[in-house]
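Q: Need a 3D model of the sequence below.
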Amino acid sequence: MGDHFARPETNVNYGAAYGPHADSGPGAPPGQVPGPAGAVPALRWEEPPEGPVLVLLDQTRLPQREVELVVTDVQALVLAIRSLAVRGAPLLGLAGAYGVALAAARGYDVEEAAELLAHARPTAVNLGYGVRRALAACREAAPGGEAAAALAEARALHAQDAAASTAMAEHGERLLAELVPGGGYRILTHCNTGALVSGGDGTALGVVMAAHRAGELRRLWVDETRPLLQGARLTAYEAARAGMPYTLLADNAAGSLFTAGEVDAVLIGADRITADGSTANKVGSYPLAVLAAYHHVPFIVVAPTTTVDLDTEDGAAIEVEQRPGSEVTDLAPSPLGTQAYNPAFDVTPPELITAIITENGVVSPVTKEALVTVCNQSVRREGSD
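A: You can find the predicted model right below:
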């Protein structure tokens, strides 16, 4: 890792108190999953004398600084979610579950807290999923045991997500070997899908990480991902930490890469996958799918089954979050009064998706029947534990 990415002092905020935390390294309390070696975990639960807290790596400050936010109440967690301090579909599920546990542990109205958390961001289905799991555990607990039950469920979800990351990486390695014989993959990715969004190595970037460890990654092409630059700030940050061969490009430069034959596969994550396989992901994903289809390049979605929403029939039914226009106009100074169109996501139809990789296997071709099958495998596994 170069000096540019050396870790600065990590800060935390316990409400009124502010200062360096003695346990800011990569370790995790018992029952939690630690982050990758040398990395500050994206999220962790701690129990200092002042009471339980949820510690978040503030992703809006990366890569310049690694700053941790210490959250003591649900309102602060909702703000962190909406401001994108904590982001990424799987990690939002964990934040939602731990948020319910935090509310229960600190004596807040758990039902009200769950409602606030579940609606903090509308498109990412994992957020509501994590909230519902912890809330169900809380409701089923014996009187006085609600907080412990919710925390245990949040930790179980955390471990499940880490295991899903590992399984998706394994499935992804095999699929890439089939689709791109000979190895030496040149992979294009959009937004950020690594350890910063997961309890493990991530979704799409987790597959890339596995290819890199196997010596099969020739080049990772990193879209900037405008307007908030999650690719330039976060994916490049993770790629640099891992020592990957990577190159950053402006989003609108991707077409020239395809034309030059420099892309072997596109790997993205997902915030919601509907019953028919339509996939909502960071805005800019759909144009990549169109380019990939035209150039006969595999377009692959990597997401756990918790991101599959079988209750939403198709892409037209997805509520796409609209972000503030200032995120666009502030990126490059615009005339005063300029209005901006700023959807957080776009939707890729299933006919443009080569495969969806889940922890239970690969869905290809992408059909409703195949998605139901992998999701039912997940239900059976959970029910047998």
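Q: Arg186: what secondary structure?
A: strand (DSSP: H, G, I helix; E, B strand; the rest coil).
Q: pretty sure it is touching Ala260, no?
A: No. Under the criterion of CB atoms under 8 Å, Arg186 is not in contact with Ala260, lying 10.4 Å apart. Yep, even glycine has a C-beta here, placed from its N, CA and C like the rest.
Q: Confirm that Val266 sits in a strand.
A: Yes. Judged by three-state DSSP, Val266 forms part of a strand.
Q: That one and Arg186 touch, don't they?
A: No. The criterion here is CB under 8 Å, and Val266 misses it with Arg186 at 10.4 Å.
Q: who's more crowded, those two?
A: Shown here are Val266 and Arg186; by other CB atoms under 10 Å, Val266 has more neighbours (27 against 19).
Q: Which positions are bridged to that one in the beta structure?
A: Leu188, Phe299 (DSSP bridges).
Q: quick one: the nearest residue to His190 once chain neighbours are set aside from Val266, how far?
A: Among residues not flanking His190 along the chain, Asp223 sits closest, at 4.5 Å (CB to CB, 6 or more residues apart in numbering). Taking CB to CB, to the nearest Å as the measure, Asp223 falls 10 Å from Val266.
Q: quick one: common contacting residues for the two?
A: Counting by CB atoms under 8 Å, 6 or more residues apart in numbering, the contacts common to Asp223 and Val266 are 188-190, 288.
Q: ok, these vs Asp311, which is closest?
A: The shortest approach to Asp311 among those belongs to His190, at 26.2 Å (CB to CB).
Q: Quick check: that closest one touching Ser285?
A: Yes. With contact defined as CB under 8 Å, His190 counts as touching Ser285 (5.4 Å).
Q: Please identify every residue contacting each of the two.
A: Ile268.
Q: remind me, longest helix of this protein?
A: Ranked by number of residues, the top helix in the chain under DSSP state H is helix 146-179.
Q: elements contacting that one?
A: strand 43-46, helix 89-105, helix 125-140, helix 204-213, strand 265-268, strand 299-302, strand 355-358, strand 361-363 (3 or more CB pairs under 8 Å, 6 or more residues apart in numbering; DSSP states H and E).
Q: so what strands line up beside the last one?
A: Translated: strand 361-363. Paired neighbours of strand 361-363 in the sheet (DSSP bridges): strand 355-358 (antiparallel).
Q: picking up where we left off before, may I see the helices and strands packed on helix 146-179 arranged in JSON lines, with distance to Val180 and mean pLDDT as well?
A: Below are those laid out as JSON lines (distance: least, CB to CB, whole Å; pLDDT from 0 to 100):
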{"stretch": "strand 43-46", "distance to Val180": "33", "mean pLDDT": "96"}
{"stretch": "helix 89-105", "distance to Val180": "26", "mean pLDDT": "97"}
{"stretch": "helix 125-140", "distance to Val180": "29", "mean pLDDT": "97"}
{"stretch": "helix 204-213", "distance to Val180": "10", "mean pLDDT": "98"}
{"stretch": "strand 265-268", "distance to Val180": "6", "mean pLDDT": "98"}
{"stretch": "strand 299-302", "distance to Val180": "11", "mean pLDDT": "98"}
{"stretch": "strand 355-358", "distance to Val180": "13", "mean pLDDT": "98"}
{"stretch": "strand 361-363", "distance to Val180": "14", "mean pLDDT": "97"}
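Q: ranking these by burial, who's on top?
A: helix 89-105 (a mean of 29; mean count of other CB atoms under 10 Å).
Q: Which helix or strand lies directly C-terminal to it?
A: helix 110-118 (DSSP states H and E).
Q: buried set for that next one?
A: Within helix 110-118, the residues scored as buried using 16 or more other CB atoms under 10 Å are 110, 113-114, 116-118.
Q: Need the contact partners of it.
A: 74-75, 77-78, 81, 95-96, 99-100, 102-104, 127-128, 131-132, 134-135, 138, 146, 150.
Q: picking that back up, in a markdown table: the helices and strands packed on helix 146-179, plus distance to Val308.
A: Below are the helices and strands packed on helix 146-179 laid out as a markdown table (distance: least, CB to CB, whole Å):
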| stretch | distance to Val308 |
| --- | --- |
| strand 43-46 | 22 |
| helix 89-105 | 11 |
| helix 125-140 | 8 |
| helix 204-213 | 16 |
| strand 265-268 | 15 |
| strand 299-302 | 10 |
| strand 355-358 | 7 |
| strand 361-363 | 9 |
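Q: To Leu331, which of these lies closest?
A: strand 265-268 (21.5 Å).
Q: now for the closest one, which elements pack on it?
A: helix 146-179, strand 185-189, helix 204-213, strand 279-282, helix 285-294, strand 299-302.
Q: I'd like to know which of the ones you listed is closest to Glu238.
A: helix 204-213 (6.4 Å).
Q: following the closest one, which helix or strand comes up?
A: Immediately after helix 204-213, counting by DSSP H and E, sits strand 217-223.
Q: elements contacting that following strand?
A: Secondary elements touching strand 217-223 (3+ CB pairs under 8 Å, 6+ apart): strand 185-189, helix 204-213, helix 236-242, strand 246-249, helix 254-259.
Q: Now the shortest one: average pLDDT?
A: This points to strand 246-249. Averaged over strand 246-249, pLDDT sits at 98.
Q: May I see the buried residues of that strand?
A: Residues 246, 248-249 are the ones in strand 246-249 that count as buried (16+ other CB under 10 Å).
Q: and if you look at stretch 74-92?
A: 74, 76-78, 80-81, 84-92.
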